[in-house]
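In: quick one: sequence plus predicted model below, questions after.
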Amino acid sequence: MKVEVDGHTVTVPEGATLLEAVRAAGGAVPTLCNDDRLSPSGACRICLVCAEGRTVAACVTPAAEGDRIRTDDPRSLAAARRTLELIVSELSEHALELPPERSELVRACETLGVTRDNFRGEQIPGRRDDSHPYVKLDTDLCIACGRCVRMCDEVQGTFALELVGRGFATVVAPGSGGSWLESDCVACGGCVDSCPTGALSEPGFLDLRPIERVIVTTCGYCGVGCALDVHVREGEVAAVTPNHSSPTNRGHACVKGRFAHGFVHSPDRLTTPLIRRGGDLEPASWDEALAFVAGRLLRIRERHGPDSIATISSARATNEENYLVQKLMRAVIGTNNVDNCSRLCHSPSAAGLTASFGVSGGTNPFDDFDRVNCFLLAGANPTEAHPVVGARMKQRVIQGASLVVVDPRRIELAGYADVHLRPRPGSNVAVFNGLARVLLEEGFADETFLAERAEELDALRDVLRDHSPERVEEISGVPASELRRAARLYGSAGCASIVYGLGITEHSHGTDGVRTLANLAVLTGQVGTDGGGGVNPLRGQNNVQGASDMGALPDYLPGYQRLTDDEAVARVEREWGVRLDRRPGLRILDMFAAALDGRLKALWVIGEDIAQTDPNTHRVEAAIDACELVISQDLFLSRTARRADVVFPAASFLEKDGTFVNFDRRVQRVRRAVSPPGDALPDFEIVNLMAGALGADLGCPTPDAAMDEIARVAPDFGGISHARLDRVGPIHWPCRSADDPGTPTLHLERFATASGKAQLAARGYLPPGEDSDAEYPFVLMTGRRLEHYNAGTMTRRTSNLDLLPQERLEVNPADAARLGLSAAERAEVTSRRGRIEVRLEVTERVAPGQLFMAFHFPEALANVLTSDACDDVTSCPEYKVTAVRLGPAGATS
Ligand code: SF4
């Protein structure tokens with residue numbers, strides 16, 4: 001539709017507001033209550049314009065065809081000025097003393113010519129709340145516009161805030177009463193980011209010294225891949241805010257990406273290489289350290305062959321860095337012994353999705369959540385582990401989408417679910433087969449889709465004969481009636497999305513779990529179609545997708561090209577100028593076994609603290625100790641680094657350039673905001689230097705040159721370059737050429753399997769690797785907490801530690817009462833591998849007989865307990881099922 005703004009005609013979409021029309025015409029009117037992330041509220045009434053002779057609030061007035069709008073109408077401007085005078089009149093002196101770049105209110109006053117002295121309203125003494133480490137409240141500056149409340153409600157979905165008081169005394173406050181720290185706030189920072197006056201602020205912006213530059217980069221915590229603006233002051237990170245124009249996070253973030261950046265300038269950072277001499281790690285120069293490592297590696301290779309050396313590459317590092325690591329191992333050392341921590345989380349997704357659909361990646365873009373009307377959320381707790389995804393999912397459910405949660409634990413989203421299935425840990429395959437059977441029996445299958453685009457239906461039907469809902473109830477404890485309800489919700493939804501996480505993959509039969517879950521989307525035609533919601537794994541670490549995409553895997557070259565693929569191997573050999581060994585290398589758990597039996601002599605661990613995060617800690621530590629040479633490349637002296645022979649100090653994601661790939665296959669830019677401390681270097685430079693010390697040149701002097709080479713060797717990345725990403729923003733792979741826009745949705749024409757059809761999986765239920773028994777009567781599950789990340793190496797060096805200072809073991813009240821244990825008491829947990837002590841939390845979140853804890857804290861090392869049981873296809877550990885005993889602390893000492 002066409003409207004006229006100050007004499008200029010512009011075209012705006014149906015439903016556009018006058019404010020959008022003004023902006024489309026390149027104009028501006030001051031606003032205070034408006035935020036593009038929120039629904040318009042029209043609360044402040046200062047965006048007054050004249051439309052067709054009437055003075056109206058532009059943010060809430062829809063434009064009509066042919067409207068003539070004036071932003072310079074004297075009557076409207078005078079009314080806006082008077083309104084703003086009234087707003088300002090109640091504020092204290094310092095409200096207008098903030099620099100304009102920190103306060104929309106100050107900018108509005110400048111635009112409309114309003115000063116503090118124009119008018120005096122009633123002065124109500126305000127109060128400060130500094131209780132929270134990140135969110136600081138000064139009610140003297142609050143104008144009760146309600147943006148903070150609406151951010152919390154409409155974007156984050158926590159509903160932690162409200163406006164309290166009346167008239168001039170109206171201000172924001174936590175809805176629970178009490179201090180901000182004690183409130184329900186999850187510190188996503190949305191309220192602070194939206195506040196137009198500085199009433200809500202954060203430490204980095206309470207410091208009024210100017211910000212020198214703002215760098216847009218990608219979050220280095222989880223796989224959502226939020227774009228962040230890094231505000232740099234005097235060479236240091238002053239604050240991090242969500243990027244408002246990012247298509248991924250749309251101006252939202254979580255407590256980790258938003259606030260947990262203090263680790264960057266921690267005094268604990270490694271600033272120089274270390275070499276173990278006489279039992280102690282001592283500082284060394286880079287030349288010394290590189291020469292030391294190169295000499296030892298060459299000697300080991302000469303004596304024991306290239307397969308006596310292995311590298312664990314890093315899901316925290318960039319694509320370019322992972323590419324370089326695997327190139328060094330394959331082209332310089334001469335082995336395929338390279339793996340990354342996707343082995344420990346989503347390798348069953350890679351194997352399962354490849355077997356079912358032909359490609360190892362989530363099938364649909366995050367943006368599709370906007371049209372989903374049923375989520376099947378399985379084995380994932382996104383409001384804690386992937387908070388921006390969790391928030392968006394919650395909003396969609398509030399808007400009316402149905403939700404089926406499959407999780408033994410009562411996660412937050414279970415409170416919003418239509419059906420919450422709580423299977424016994426280890427029984428996922430039975431539950432998914434039960435759902436498949438109901439879908440088929442009750443006519444929810446898409447017969448046309450199945451006939452044209454899927455195979456192996458008969459084999460699946462055979463397996464499903466043994467998976468009636470009643471039989472599934474016996475195996476899993478999920479009531480048959482609930483299973484049927486869940487299947488009906490999923491099967492009858494127009495657009496249904498499967499979203500899943502490590503609760504599906506980290507099992508002895510994790511690949512079967514992924515495949516039987518994927519069956520549901522195939523049966524109902526929800527994958528590979530325009531209207532379907534697909535199958536979407538929530539990737540754990542920031543670049544766990546990219547590390548695998550780049551070939552940091554023992555059996556795949558970059559772009560998931562198999563070592564058995566002659567054409568791919570020839571392409572890589574041509575580019576690298578070497579002959580490749582085509583035998584698959586060692587997986588991470590096999591590396592530990594090889595170290596323990598003497599086959600592996602050297603292990604290079606990049607950006608992982610395997611002594612904390614990998615299962616069966618005592619065995620991992622024994623494997624580290626068995627190697628002749630262990631190199632740890634990290635930000636901090638981790639548990640692994642403390643056992644290493646050489647430590648390389650590495651740069652964090654805020655100190656490097658490159659790209660990450662997020663959970664929906666978006667390749668996104670990472671940009672250096674600050675310099676690494678001391679002699680610490682980006683992994684990219686360290687790997688290049690290491691190659692040089694070994695007498696080789698990897699031919700990729702810069703990250704953008706590496707991406708160009710990736711495009712040449714991996715067809716799925718053929719159209720991606722840094723220059724293009726800088727120009728157009730994130731691109732979903734596959735993107736095969738410079739004019740390929742990328743592929744947000746996979747398999748629309750055909751599946752990438754040999755036959756072009758989806759492969760239904762006929763996999764029956766098998767018991768987990770370990771189960772509870774009379775001696776170890778509880779099942780321990782591990783997972784994540786909102787405030788911390790993985791080994792906690794970064795988050796425990798920030799004020800997130802004030803929000804969650806220690807781990808606690810979740811135990812059901814009935815179990816606690818039976819054992820005479822009470823909340824906050826320390827308890828002892830023992831498995832067949834070891835024993836730990838940890839504080840208790842008595843909660844209904846876990847079912848009787850089940851326990852839950854995270855492994856963020858070295859003081860409560862859950863992996864001392866976990867077992868070597870792993871997925872039969874991919875060797876992904878069974879972190880989700882460990883048989884343990886629980887008792888009072890000190891019971892067995
Ligand atoms: Fe970072 Fe994930 Fe939080 Fe986004 S949701 S800010 S990617 S940790």
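Out: Thanks, I have it.

In: surely residue 669 is within a strand?
Out: Yes. Judged by DSSP: H, G, I helix; E, B strand; the rest coil, residue 669 forms part of a strand.

In: show me the contacts for residue 336.
Out: Shown in contact with residue 336 (Cβ atoms under 8 Å, 6 or more residues apart in numbering): 329, 330, 554, 555, 563, 581, 583, 584, 585. For the C-beta atoms, the positions are set from N, CA and C on the backbone; glycine is no exception.

In: count the residues that sit near the residue of the stretch 701-850 of the chain found nearest the ligand.
Out: Proximity of the stretch 701-850 of the chain to the ligand (Cβ to the nearest ligand atom) peaks at residue 789, 7.2 Å away. The local packing of residue 789 (other Cβ atoms under 10 Å) involves 26 other residues.

In: give the contact list for it.
Out: Contacts of residue 789 (Cβ under 8 Å, 6+ apart): 221, 222, 256, 260, 795, 856.

In: quick one, what contacts the residue nearest to residue 590 when sequence neighbours are not counted?
Out: Closest residue in space to residue 590, ignoring its immediate chain neighbours: residue 875 at 6.8 Å, by Cβ to Cβ, 6 or more residues apart in numbering. Residues in contact with residue 875 (Cβ under 8 Å, 6+ apart) are 343, 347, 587, 588, 589, 590.

In: what residues does the protein have near the ligand?
Out: By the rule Cβ under 6 Å from any ligand atom, the part of the chain lying against the ligand is 219, 221-222, 224-226, 249, 253-254, 256-258, 386-388.

In: what's the nearest residue to the residue in the chain that the ligand sits nearest to if we skip its chain neighbours?
Out: Using Cβ to the nearest ligand atom, the closest approach of the chain to the ligand is made by residue 257 at 2.2 Å. Closest residue in space to residue 257, ignoring its immediate chain neighbours: residue 219 at 3.8 Å, by Cβ to Cβ, 6+ apart.

In: the one you found touches residue 225, doesn't it?
Out: Yes. Counting by Cβ atoms under 8 Å, residue 219 touches residue 225, with 6.6 Å between them.

In: and for these two, which residues touch both?
Out: Contacts common to residue 219 and residue 225, judged by Cβ under 8 Å, 6+ apart, are residue 542.

In: circling back: residue contacts, the residue nearest to residue 257?
Out: Residue 219 makes contact with 225, 226, 227, 228, 253, 256, 257, 542, 653 under the criterion Cβ under 8 Å, 6+ apart.

In: please repeat the previous calculation with a cut-off of 10 Å.
Out: 225-228, 240, 242-243, 248-249, 253-254, 256-258, 260, 388, 542, 653-654, 660, 662, 668, 670 (Cβ atoms under 10 Å, 6 or more residues apart in numbering).

In: am I right that residue 163 is in a strand?
Out: Yes. Under the criterion used here (three-state DSSP), residue 163 sits inside a strand.

In: what is the burial count for it?
Out: 17.

In: go ahead and confirm residue 637 touches residue 268.
Out: Yes. Applying Cβ atoms under 10 Å, one finds residue 637 in contact with residue 268, separated by 7.3 Å.

In: more crowded one of these two?
Out: A side-by-side neighbour count of residue 637 and residue 268, using other Cβ under 10 Å, places residue 637 first with 18 against 11.

In: which secondary structure state does the closest residue in space to that one that isn't next to it in sequence sit in?
Out: Using Cβ to Cβ, 6+ apart and skipping the chain neighbours, the partner closest in space to residue 637 is residue 270 (6.3 Å). Secondary structure for residue 270, judged by three-state DSSP, is coil.

In: do I have it right that residue 270 meets residue 647?
Out: Yes. Taking Cβ under 10 Å as the definition, residue 270 is a contact partner of residue 647 at 6.4 Å.

In: the two - which one has more neighbours?
Out: Legend: neighbour count by other Cβ under 10 Å for residue 270 and residue 647, higher for residue 647 (27 against 24).

In: give me the three-state assignment for the more buried one.
Out: Secondary structure state of residue 647, per three-state DSSP, is strand.

In: show me what it bridges to in the sheet.
Out: Bridge pairing for residue 647 (DSSP bridges) gives the partners residue 274, residue 632.

In: farthest pair within the contacts of residue 789?
Out: 222 and 856 (13.3 Å; Cβ to Cβ).

In: joint contacts of these two?
Out: Shared contacts of residue 222 and residue 856 (Cβ under 10 Å, 6+ apart): 784, 789, 790.

In: for those, give me CSV that also has pLDDT and secondary structure.
Out: Supplementary listing: these in CSV, determined by pLDDT from 0 to 100; DSSP: H, G, I helix; E, B strand; the rest coil:
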residue, pLDDT, secondary structure
784, 93, coil
789, 93, coil
790, 89, coil
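
In: how about TSV for the residues you listed, with distance to residue 363 added?
Out: As requested, these are exported to TSV (distance: Cβ to Cβ, whole Å):
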residue	distance to residue 363
784	24
789	26
790	26
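
In: can you give me the strands for the stretch 601-750 of the chain?
Out: Counting by DSSP state E, counting those that start in this stretch, one finds strands in the stretch 601-750 of the chain at the ranges 602-606, 629-634, 646-649, 658-661, 666-670, 731-732.

In: residue 207 is nearest to which of these?
Out: strand 666-670 (25.9 Å).

In: would you list the strands that the closest one pairs with, along with their directions?
Out: Note on strand 666-670: by DSSP bridges, its sheet partners are strand 658-661 (antiparallel), strand 731-732 (antiparallel).

In: for residue 171, phi and psi?
Out: In terms of degrees, to the nearest 10, the main-chain angles of residue 171 are phi -140, psi 170.

In: I'd assumed residue 128 was in contact with it.
Out: No. Residue 171 is not in contact with residue 128 according to Cβ under 10 Å; the separation is 11.6 Å.

In: of those two, which one has the most company?
Out: Between residue 171 and residue 128, counting by other Cβ under 10 Å, residue 171 is the more crowded of the two (20 against 10).

In: and the more buried one, what does it touch?
Out: Neighbouring residues of residue 171 by Cβ under 10 Å, 6+ apart: 124, 126-127, 137-144, 163-165, 199.

In: hmm, try it at 6 Å
Out: 139, 142, 165 (Cβ atoms under 6 Å, 6 or more residues apart in numbering).

In: cool, and residue 544?
Out: 315, 342.

In: which pLDDT value goes with it?
Out: On pLDDT, residue 544 comes in at 94.

In: also residue 120?
Out: pLDDT for residue 120: 68.

In: over to residue 737?
Out: On the pLDDT scale, residue 737 gets 98.

In: give me the neighbour count for it.
Out: Around residue 737 there are 10 residues (other Cβ under 10 Å).

In: ignoring the adjacent residues along the chain, who's closest to it?
Out: With Cβ to Cβ, 6+ apart, the residue lying closest to residue 737 is residue 719, at 4.6 Å.

In: middle-most residue in the chain, spatially?
Out: When Cα atoms, centre = their mean is applied to the chain, the residue found nearest the centroid is residue 222 (2.6 Å).

In: surely that one is in contact with residue 386?
Out: Yes. Residue 222 lies in contact with residue 386 (Cβ atoms under 6 Å); the separation is 5.4 Å.
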